[in-house]
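Q: Next comes the sequence, and after it the predicted model I'd like to discuss.
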Amino acid sequence: MKHYLLATGLFIIAAVMTSCQKEQSELTLSSLPSTAVITGTVEYVAGDYEQTDGSIISNYQLPLAGQTVMVTIPTSSYAQNADGSQYFEAVTDESGNYRIEIPVSSQALDNVSVDVLPFYAVKTLMHGGAIVEIENALYNNTTASNNNISLEQKKIYSVDLVVSSDDVIPVAFDQAIEIEGQVNIQAWVRNEKQGIATAGAYTGSNEGLTGYPVKIVAKIVDESDYRNPKTIYEITKETTTLSSRDEEGSFSATMNLPSNCWDYTTEFTVSTEASLEEEFEHWYCSMSSGEYNWNSIDVPVIYQSASSSPVELSDDNKLVPVQIPAFTITTRPTIDTDEILGIGLIGTQDGKNIIENDPFNWER
C-alpha cells in the first residue's frame, strides 16, 4: 500500500518529474522499439452505505472517475546506474478504467509500480445510528492488485487499484436531537357537513400516509464566510411514517449530532422518493334525475418525490423536538387521463352525466 502526504508528496512528485523530463529527453524514450500496456480499473472505498431495509454495507467501493493513475519506473531500468524515476500518467474514465502505454526496450523493465495521486472526496461513515458524510476526506492510500511488475515488449498487464482514506470523524456525536413531522398524500376526503347526494360530498384534499419511508437529512454548515459557506457534515437517517397521537403519517426520530453543532448553522429537511405504481381511490360524481351520485374506482398512480421546507436547529431544541412542517406527496396517473371518469371521461356516459372534477390537476 502506498501512502502519500498530499501537500509534501505532490511537491516532491512535481520536482522529481521536472528533473526526469530532462532525463527522459536524454534517454529518448520515444525512440524505443516497442511498448507495453498497463490497464485496469480503479475504485475507492466510499465508506458505509445504509440499504433500504436498514442494513449497513461497510467499506463499499465505487468506480473512481477523473483521477490520475501514475506509473513509476526507476530510470536505472532504462539506463544502468541512472538516477531518478520515469513517470507515465492517465486519467480514469467514468467507469474508473485507465490505460497507459509504456516505452519498452528489448530488456524487461523491473520494479514498476502503479499508484493513484491523492485526491479529496466525500466519505460516509455510520456513526451514532446515522450515516455521516465527511465532505473532503483525503484519499491517499493505494492498494494494487499487482505491483512491482516487470514490463516486456508488446505485453498487456492488468493492475486494478483500490484507494482508501484514513479520515475519521474528529468529534463526538453526543447531541441527541428529536425530530417530528407529518407526511401527507393527496386523497379524496368525505365532507361530513355535506349530504352524500350533494356535489360537495367528497373533496380533493390530503390525508396522512402511514408506513411510508422518509429520509431525514441534517446539514451542518460553517457560515463564518458568508460568501463561501462550507458544509462540515451531512447526516442522513431513514425512518418510516407511523400512526401515532391519532395522526396518520406522523414520524419521529432521534439523530445524534456532533457536540459542536450549536456553533454552526444546522438545517433539517425530510424527503420521500418517488414510488412504484400504487392504487389510488378516485371518486367521481354523476348526476341522474336531478340527484348527485358518488362512486369510486381504483386508478394506478405513481407517488411523486417530495420534501419539506428546511428547519434550522435552535437552542430550544435542546429541550423540545425539531418540528418539521407537514408536506404532501402528489400523485400522477400511469394511465391516460382520458380513460378516467370525472377527469377525461365527462359528460354523458352510460346514461349518466359525469361531472368534471380534477382537484389534483391530473389533466394538466
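A: Looks like it came in fine.

Q: Which stretches in the stretch 1-150 of the chain count as helices?
A: 6-27 (DSSP state H, counting those that start in this stretch).

Q: quick one, strands of it?
A: Applying DSSP state E, counting those that start in this stretch to the stretch 1-150 of the chain gives strands spanning 2-3, 34-50, 56-63, 68-74, 85-91, 97-104, 109-116, 119-127, 130-144, 149-151.

Q: Report the rounded mean pLDDT for stretch 169-181.
A: When pLDDT is averaged along stretch 169-181, the result is 87.

Q: out of the strands of the stretch 1-150 of the chain, nearest to residue 265?
A: Residue 265 lies closest to strand 130-144 among the strands of the stretch 1-150 of the chain, at 14.7 Å (CB to CB). Quick note: C-beta positions are derived from backbone N, CA and C, even for glycine.

Q: related to what we said a few turns ago, would you list the strands of the stretch 1-150 of the chain in CSV and tack on mean neighbour count?
A: CSV is the format used below for the strands of the stretch 1-150 of the chain (neighbours: other CB atoms under 10 Å):
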stretch, mean neighbour count
strand 2-3, 15
strand 34-50, 19
strand 56-63, 13
strand 68-74, 20
strand 85-91, 16
strand 97-104, 19
strand 109-116, 20
strand 119-127, 17
strand 130-144, 20
strand 149-151, 19
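
Q: so can I have CSV of those showing distance to residue 165 and mean pLDDT?
A: Formatted as CSV, those follow (distance: least, CB to CB, whole Å; pLDDT from 0 to 100):
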stretch, distance to residue 165, mean pLDDT
strand 2-3, 11, 51
strand 34-50, 7, 92
strand 56-63, 11, 91
strand 68-74, 17, 92
strand 85-91, 20, 93
strand 97-104, 20, 94
strand 109-116, 12, 90
strand 119-127, 5, 89
strand 130-144, 4, 88
strand 149-151, 26, 86
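
Q: Out of the ones you listed, which is closest to residue 304?
A: Nearest to residue 304, of the strands of the stretch 1-150 of the chain and by CB to CB, is strand 34-50 at 23.1 Å.

Q: Now tabulate the strands of the stretch 1-150 of the chain in JSON lines and tack on distance to residue 305.
A: Listed next are these as JSON lines, based on distance: least, CB to CB, whole Å:
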{"stretch": "strand 2-3", "distance to residue 305": "41"}
{"stretch": "strand 34-50", "distance to residue 305": "18"}
{"stretch": "strand 56-63", "distance to residue 305": "23"}
{"stretch": "strand 68-74", "distance to residue 305": "36"}
{"stretch": "strand 85-91", "distance to residue 305": "34"}
{"stretch": "strand 97-104", "distance to residue 305": "32"}
{"stretch": "strand 109-116", "distance to residue 305": "35"}
{"stretch": "strand 119-127", "distance to residue 305": "21"}
{"stretch": "strand 130-144", "distance to residue 305": "19"}
{"stretch": "strand 149-151", "distance to residue 305": "48"}
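
Q: Residue 172 is nearest to which of those?
A: Of all those, strand 119-127 comes closest under CB to CB, at 9.7 Å.

Q: just to revisit the earlier point, so which of the strands of the stretch 1-150 of the chain gets nearest residue 322?
A: Using CB to CB, the nearest of those to residue 322 is strand 130-144, at 14.2 Å.

Q: Find out how far that closest one is from the centre of the chain, if you would.
A: 15 Å (CA atoms, centre = their mean, to the nearest Å).

Q: relative to strand 68-74, how tilted is it?
A: 30 degrees (axes from the mean of the first three to the mean of the last three CA atoms, to 10 degrees).

Q: Check which helices and strands strand 130-144 is in contact with.
A: Applying 3 or more CB pairs under 8 Å, 6 or more residues apart in numbering; DSSP states H and E, one finds that strand 130-144 contacts strand 2-3, helix 6-27, strand 34-50, strand 109-116, strand 119-127, strand 161-165, strand 230-240.

Q: I appreciate the help and will end here.
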